[in-house]
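Visitor: Sequence and predicted structure below; questions after.
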Amino acid sequence: MNQISPVQTDTAATAATPDLRRVNSNPDFWYPVAWSSALRRNKTLAVSFAGIPMVLVRPEEGTVFALFDRCPHRQVPLSKGTVNGQTVRCCYHGWAFGRSGRCIDVPYLGKGKMPNGVRTFPVREEGGLIFVFPGDPAKADTVPFPKLAQTANPAYKTKQFGPRVNCHYTFMHENLMDMNHQFLHRRQMGQIKARFLGQDKGEDFIEARYSFMRCAGQQPLAERLIFGKHKDLNGREQPIEEVVTIRTEYPYQTLRITDKDGDLIMDLWTAYVPVDKDERVTQAFGLLSILRPQTPLLIDLIWPALGWFTNRIFLEDKEIVELEQAAWNEVGHDRNVEIFPVVKALRELLTRCGIAQDAAPQADAAPVALAAPAACAATPETTA
């Protein structure tokens, strides 16, 4: 009787130290934590980064500021309090904290020495997003701020999307980088095949280029509206119509589509922000910029159809990466057998630039200097 041989696994992939799904996001970068539209004047908003509770405060006048979302008195969330001028006042005993984090008023204490304040986080608001710098605040002014798709370019119309996904952020990076998974989207896009055109990589980035060939089925309407109608060659090898360039430049990810002349048609920028301490829940923030057609207002007419199409694609990706996370949860370690060189290089990048969980800061820790690994420490911006 024939015996079935056990499945052979890639020991190099399974024996990696640390496990990629136990590598936390490096906090020494700018991370979006909320949409600007979610925070009104004189209001607070509770957000988190890797289990660190934060409160965003938008006063009646001035810019947004961010504090650790716990009153030091009884640990009640400051986000439950009220905004008065440039302060947020705890809902329990009325302790008030300014944008510097200093406690400036305890109603029943008089003019004696004020209690300790709370941790603050550097904040920037750009492109319809509120960013915080969760790591060493001394680095905030020198770490480059990301380019947010084409949000400042009137030649493009930009769509925001921000679903919460129940998986480790590294699954999200792998999903977008590996365009060989188009079989997953066959109901939305028909039968298409990714053609790998090449890659580039450096200390803090990995980039892959693809084109696509339709094997069967009709070109979806949304795709036709964005890129134009492609000729049906009845299964023959199709010429390269567009080039898709996907880049993880830690910790962000982009997807850019250019036509055969090199003109930019679509520009996607995404950030995957860990919500919980174990980083198994990810809040995605995405900006998708599409070149406006020459016909005035056409993109506004087709925008709902484009939104429906892109949402359907992302929902399929969301379901699959959550299944990957569920499989990891069952065994408690990474058993993936990876064969695609680009994804192997991506995994190395994410491991090198992230922080092993046992070295990550605790949610209630005081501010500490967190040195990014030398290989992928953010390069300070320079001026001429």
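Guide: Structure received.
Visitor: Show me the shaky parts of the stretch 151-300 of the chain.
Guide: 183-191, 215-240 (pLDDT under 70).
Visitor: can you give me the strands in it?
Guide: 156-161, 164-165, 191-201, 205-216, 242-249, 252-259, 264-274, 282-291 (DSSP state E, counting those that start in this stretch).
Visitor: With residue 129 as the reference, measure out to the one residue sitting closest to the centre of the chain.
Guide: Closest to where the C-alpha atoms of the chain average out (C-alpha atoms, centre = their mean) is residue 271, at 1.6 Å. In this view, residue 271 and residue 129 are 9 Å apart by C-beta to C-beta, to the nearest Å. The C-beta positions use only the backbone N, C-alpha and C, and glycine is treated the same way.
Visitor: what sits in contact with each of the two?
Guide: Here residue 271 and residue 129 share the contacting residues 32, 285, scored by C-beta atoms under 8 Å, 6 or more residues apart in numbering.
Visitor: so what are the domain limits for this structure?
Guide: As assigned by automatic domain parsing, the chain contains the domains 41-121, 156-356.
Visitor: TSV for those domains, including distance to residue 149?
Guide: Formatted as TSV, the domains of the chain follow (distance: least, C-beta to C-beta, whole Å):
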stretch	distance to residue 149
domain 41-121	21
domain 156-356	4
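Visitor: Quick check: which of those domains is nearest to residue 25?
Guide: Residue 25 lies closest to domain 156-356 among the domains of the chain, at 5.2 Å (C-beta to C-beta).
Visitor: what's the span of the closest one, first residue to last?
Guide: For domain 156-356, the first-to-last residue distance is 39 Å (C-alpha to C-alpha, to the nearest Å).
Visitor: quick one on the thing from earlier: can you put the strands of the stretch 151-300 of the chain in TSV and add distance to residue 299?
Guide: Shown next, in TSV, are those (distance: least, C-beta to C-beta, whole Å):
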stretch	distance to residue 299
strand 156-161	5
strand 164-165	28
strand 191-201	24
strand 205-216	22
strand 242-249	18
strand 252-259	15
strand 264-274	12
strand 282-291	7
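Visitor: right, so of those, which gets closest to residue 75?
Guide: strand 264-274 (22.0 Å).
Visitor: The lengthiest helix in the chain packs against which elements?
Guide: Ranked by residue count, the top helix of the chain under DSSP state H comes out as helix 298-331. Counting contacts by 3 or more C-beta pairs under 8 Å, 6 or more residues apart in numbering; DSSP states H and E, helix 298-331 is packed against strand 156-161, strand 164-165, helix 169-177, helix 186-189, helix 221-227, strand 282-291.
Visitor: now the angle between strand 156-161 and the longest one, please.
Guide: Using axes from the mean of the first three to the mean of the last three C-alpha atoms, to 10 degrees, the interaxial angle of strand 282-291 with respect to strand 156-161 works out to 160 degrees.
Visitor: Strand partners (parallel or antiparallel) of strand 282-291?
Guide: strand 156-161 (antiparallel), strand 164-165 (antiparallel), strand 264-274 (antiparallel) (DSSP bridges).
Visitor: quick one, which of these is nearest to residue 295?
Guide: Relative to residue 295, the nearest member of those by C-beta to C-beta is strand 156-161, separated by 13.1 Å.
Visitor: which outside residues touch the closest one?
Guide: Under C-beta under 8 Å, 6+ apart, the answer for strand 156-161 is 35, 128, 149-151, 267, 284, 286-292, 299-300, 303, 306-307, 310-311, 314.
Visitor: swap in stretch 166-179?
Guide: Contacts for stretch 166-179 (C-beta under 8 Å, 6+ apart): 20-21, 23, 25, 165, 181, 194, 196, 206, 208, 210, 212, 244, 246, 248, 253, 255, 270, 272-274, 279-282, 284, 317, 320-322, 324-325, 328, 340, 342-343, 346-347, 350.
Visitor: CA atoms only for it, dumped as PDB, please.
Guide: Extracted in PDB, the C-alpha atoms of stretch 166-179 (Å, rounded to 0.1, in the frame of the first residue of the first chain):
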ATOM      1  CA  ASN A 166      -8.600  42.000  11.800                       C
ATOM      2  CA  CYS A 167      -5.100  41.000  10.900                       C
ATOM      3  CA  HIS A 168      -1.400  41.900  11.500                       C
ATOM      4  CA  TYR A 169      -0.300  44.800   9.300                       C
ATOM      5  CA  THR A 170       2.300  42.600   7.500                       C
ATOM      6  CA  PHE A 171      -0.500  40.600   5.900                       C
ATOM      7  CA  MET A 172      -1.700  43.800   4.300                       C
ATOM      8  CA  HIS A 173       1.700  44.700   2.800                       C
ATOM      9  CA  GLU A 174       2.100  41.200   1.400                       C
ATOM     10  CA  ASN A 175      -1.400  41.200  -0.100                       C
ATOM     11  CA  LEU A 176      -0.800  44.400  -2.200                       C
ATOM     12  CA  MET A 177       2.800  43.600  -3.100                       C
ATOM     13  CA  ASP A 178       2.000  40.200  -4.600                       C
ATOM     14  CA  MET A 179      -0.100  40.800  -7.700                       C
END
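Visitor: Buried residues of it, list them for me.
Guide: With burial defined by 16 or more other C-beta atoms under 10 Å, the residues of stretch 166-179 counted as buried are 167-179.
Visitor: do stretch 286-299 as well
Guide: Neighbour-count burial for stretch 286-299 [16+ other C-beta under 10 Å]: 286-292, 299.
Visitor: Distance from that stretch to the middle of the chain?
Guide: 23 Å (C-alpha atoms, centre = their mean, to the nearest Å).
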